[in-house]
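1. sequence unknown, structure follows:
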């Protein structure tokens, strides 16, 4: 980590205290909206819809409200199940497609591998909005509107370039000798992947998968355009808790906490790995 | 980092092989002939999938953009050549949307890059509870964009119950209904809140990859902290800054969620993604025109992308030079 521990002693102490105070202030400011959202989710609507107050009698009622199902409305259970399957399947498919591709770009590079890599990255520059109309028409014609399948396909496409980009850099760090040894033993692509590459690259693959999960879980644009009436995901469910009549801030906060919790927890637990993944995937 | 050769480059120099990647020693002529396909095969599924999913919609879009297709009223679709494109520059709403997109993207990317760099410099030093502070700081990046927009709109910026306005009142100012009075700035605030942590992570990775000996040597030579930062750290961070700018631009040029939940594309905050949506499946149903808009967006993005990819290409080339 940072070099401070090795730097000079005494004189550094005081500046480090100042740095620490500023950094902590910044951290609290940045975290405050999240903190406030969590606080509001334990309020009743009167306490939430008033001048900001920190002290109130906390209640879990709002969580009960938002997880209750009402006929005809998108329920939390349904949205969560949809999101769970869409995110899981798309992430698995991304890895199944990206791992061999990254192999072909890093370990046994195809001719013009740089052009191929560029092609993958360049698709991320195509504005999503430019594709949504044809995608909507295709989905309609194939009867895929409001199905889980359509989002599984699109999220796979959305995350694939990023995954190939990151995995390529992780695969490049695998010592060549190990792969050559496996090759001499007669291992094909599958054998090399199973015996050498995957075991070494597990941290990198985990970081890649995590980013795919975050992006897919949080995705709203495709979901709201293609699946407003069925196969709807958690981000859509959050917005259904906005009410045009009456107060909704506490309820919306409870829904927001439930919607963000899985990704925030995963991100917190894997942050070191993710930092490495982002930086290496990016620069290397 | 950019200056380290990839693993296979080492293999080449050590064994003196001209081609990257070892050829099995006893390869027969038959194997040689089939090698290109054997190496390409693992790439094909991903390549075919990506080509189908990205290029087919694009071609369809070009076709639609040359027609006067509207769903409401449901008239027969006619080929009208470039008329949709000719009408574009006169469309005041399109020009506004283009301006909003540029302002939104540029200001959000620059502000989050500057703030992210500052925070990374702080986090690179040792202080009490650094791990927890970092955890708190990265959280906004993990928050679902729809939720981020809603929390800021309803609980931070609202003139009635918003925390920001509560603070303003305490210091003797009038409450401001930020989202309706300054819609673009309000959205930028949320984008900066979410993307500063991302930039911070990238810059932190850059700072921590600086060789400690170089910094140590600078100190022995009597360099001041600021001098070291300006002359050693900044040049070292440049590729990381370029990368942050590049990735930030790719994502921020396409912002839809925050616009949708905060202003619903109200005046002054409709960017091009939201505009195309409004004109097509969001209620306008003018598929011909909307397609022309999106083709223009693609062309603009390709220009931005070409510049960005040149940056990337330099990063990748750097891999081999060293």
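-> Thanks, I have it. What you see is a predicted model, and the numbers here were worked out from it, not measured in a lab.
2. and the helix or strand where residue A:85 lies, does that touch chain B?
-> For residue A:85, the host element (DSSP states H and E) is helix A:76-106. Yes: applying CB under 8 Å from any CB of the partner chain, one finds helix A:76-106 touching chain B at A:97, A:98, A:100, A:101, A:103, A:104, A:105, A:106. Placement of C-beta: from N, CA and C, glycine included.
3. In the stretch 151-300 of chain B, which residue sits nearest chain A?
-> residue B:205 (2.9 Å; CB to the nearest CB).
4. Now do that residue against residue B:120, distance only.
-> Going from residue B:205 to residue B:120 by CB to CB, to the nearest Å gives 9 Å.
5. swap in residue B:43?
-> For residue B:43 relative to residue B:120 (CB to CB), the value is 36 Å.
6. Residue B:279 too?
-> Taking CB to CB, one finds residue B:279 at 40 Å from residue B:120.
7. now do residue B:62
-> 43 Å.
8. who's more crowded, the two?
-> Per other CB atoms under 10 Å in any protein chain shown, whichever of residue B:62 and residue B:120 has more neighbours is residue B:120, with 24 against 15.
9. May I see the buried residues of the helix or strand harbouring that one?
-> Residue B:120 belongs to helix B:92-123 when elements are defined using DSSP H and E. Across helix B:92-123, burial judged by 16 or more other CB atoms under 10 Å in any protein chain shown covers B:94, B:96-98, B:100-101, B:104-105, B:107-109, B:111-113, B:115-123.
10. Residue A:26 and residue B:134, how far apart?
-> The gap separating residue A:26 from residue B:134 is 11 Å, by CB to CB.
11. if I read this right, residue A:227 contacts residue A:234, doesn't it?
-> No: applying CB atoms under 8 Å, one finds residue A:227 not in contact with residue A:234, separated by 11.7 Å.
12. Compare those two and say which is more crowded by neighbours.
-> Counted by other CB under 10 Å, residue A:227 and residue A:234 do not tie: residue A:234 has more neighbours, with 29 against 22.
13. Assign residue B:173 to helix, strand or coil.
-> Classification of residue B:173 using DSSP: H, G, I helix; E, B strand; the rest coil returns coil.
14. do residue B:267 as well
-> Put simply, residue B:267 is coil when judged by three-state DSSP.
15. give me the number of residues near it?
-> Residue B:267 has 11 neighbouring residues, counting by other CB under 10 Å.
16. got a list of what the nearest residue to it once chain neighbours are set aside touches?
-> Nearest non-adjacent residue to residue B:267, counting by CB to CB, 6 or more residues apart in numbering or on different chains: residue B:183, 7.2 Å away. Residue B:183 makes contacts with B:262, B:263, B:266, B:267, B:268, B:269, as judged by CB atoms under 8 Å, 6 or more residues apart in numbering or on different chains.
17. And residue B:183, how far from residue B:105?
-> For residue B:183 relative to residue B:105 (CB to CB), the value is 16 Å.
18. now the chain, which segments are flagged as low pLDDT?
-> No chain in the question, so chain A it is. A:1-13, A:275-284 (pLDDT under 70).
19. my bad, the chain I had in mind was chain B
-> Applying pLDDT under 70 to chain B picks out residues B:1-36, B:305, B:308-309, B:311-313, B:315-322.
20. give the contact list for residue B:49.
-> By CB under 8 Å, 6+ apart, the neighbours of residue B:49 are A:97, A:156, A:157, A:160.
21. Show me what counts as buried in the host helix or strand of the third one.
-> Meaning residue A:157. According to DSSP H and E, residue A:157 maps onto helix A:148-172. For helix A:148-172, a neighbour-count test (16+ other CB under 10 Å) marks A:148, A:150-172 as buried.
22. try stretch B:137-156
-> B:137-156.
23. Filter the residues you listed down to the ones in helices?
-> B:137-142, B:145-151 (DSSP state H).
24. restrict these to contacts with chain A.
-> Answer for those near chain A (CB under 8 Å from any CB): B:137, B:138, B:139, B:140, B:141, B:142, B:145, B:146, B:147, B:148, B:150, B:151.
25. tell me the contacts of the first one?
-> Listed by CB under 8 Å, 6+ apart, the contact set of residue B:137 reads A:26, A:27, A:30, A:31, B:119, B:123, B:197, B:200.
26. 6 Å instead, please
-> For residue B:137, the contact set (CB atoms under 6 Å, 6 or more residues apart in numbering or on different chains) comprises A:27, A:30, B:197.
27. how distant is the helix or strand encompassing the first one from the center of its chain?
-> With elements delineated by DSSP H and E, residue A:27 resides in helix A:10-41, which encompasses its position. Here helix A:10-41 shows a centroid-to-chain-centroid distance of 25 Å under the convention CA atoms, centre = their mean, to the nearest Å.
28. List the buried residues in whichever helix or strand comes after it.
-> Sequence-wise, the next helix or strand downstream of helix A:10-41 (DSSP H and E) is helix A:45-48. Going by neighbour count (16+ other CB under 10 Å), the buried part of helix A:45-48 is A:45, A:47, A:48.
29. quick one: which of those is nearest residue A:269?
-> When those are ranked by distance to residue A:269 (CB to CB), residue A:48 comes first, at 29.7 Å.
30. now for the contacts of residue B:49, which pair is the farthest apart?
-> The widest separation within these (CB to CB) is 9.9 Å, between A:97 and A:157.
31. for chain B, what are the nearby residues on the stretch 101-250 of chain A?
-> Within the stretch 101-250 of chain A, the positions near chain B by CB under 6 Å from any CB of the partner chain are A:101, A:103-104, A:108-110, A:122-125, A:127-131, A:133-136, A:157, A:172, A:176, A:180, A:218, A:220-221, A:235, A:238, A:249.
32. Can I get the buried part of these as one ChimeraX selection?
-> Only the buried entries of those go into this ChimeraX selection, using 16+ other CB under 10 Å:
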select /A:101,103,104,108,109,110,122,123,124,125,127,128,129,130,131,133,134,135,136,157,172,176,180,218,220,221,235,238,249
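33. Please name the nearest non-neighbouring residue to residue A:181.
-> Residue A:181 sits nearest to residue A:196 (CB to CB, 6+ apart), 8.0 Å away.
34. before we move on, the earlier item: ok, and which of the buried residues of helix B:92-123 reach chain A?
-> The overlap between the buried residues of helix B:92-123 and the neighbours of chain A (CB under 6 Å from any CB) comes to B:119, B:122.
35. Switch the residues of helix A:76-106 next to chain B over to JSON lines; also include distance to residue B:57.
-> Shown next, in JSON lines, are the residues of helix A:76-106 next to chain B (distance: CB to CB, whole Å):
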{"residue": "A:97", "distance to residue B:57": "19"}
{"residue": "A:98", "distance to residue B:57": "21"}
{"residue": "A:100", "distance to residue B:57": "25"}
{"residue": "A:101", "distance to residue B:57": "21"}
{"residue": "A:103", "distance to residue B:57": "28"}
{"residue": "A:104", "distance to residue B:57": "26"}
{"residue": "A:105", "distance to residue B:57": "25"}
{"residue": "A:106", "distance to residue B:57": "29"}
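36. Of all residues in the stretch 1-150 of chain A, which one is closest to chain B?
-> Closest point on the stretch 1-150 of chain A to chain B, by CB to the nearest CB, is residue A:20, at 2.9 Å.
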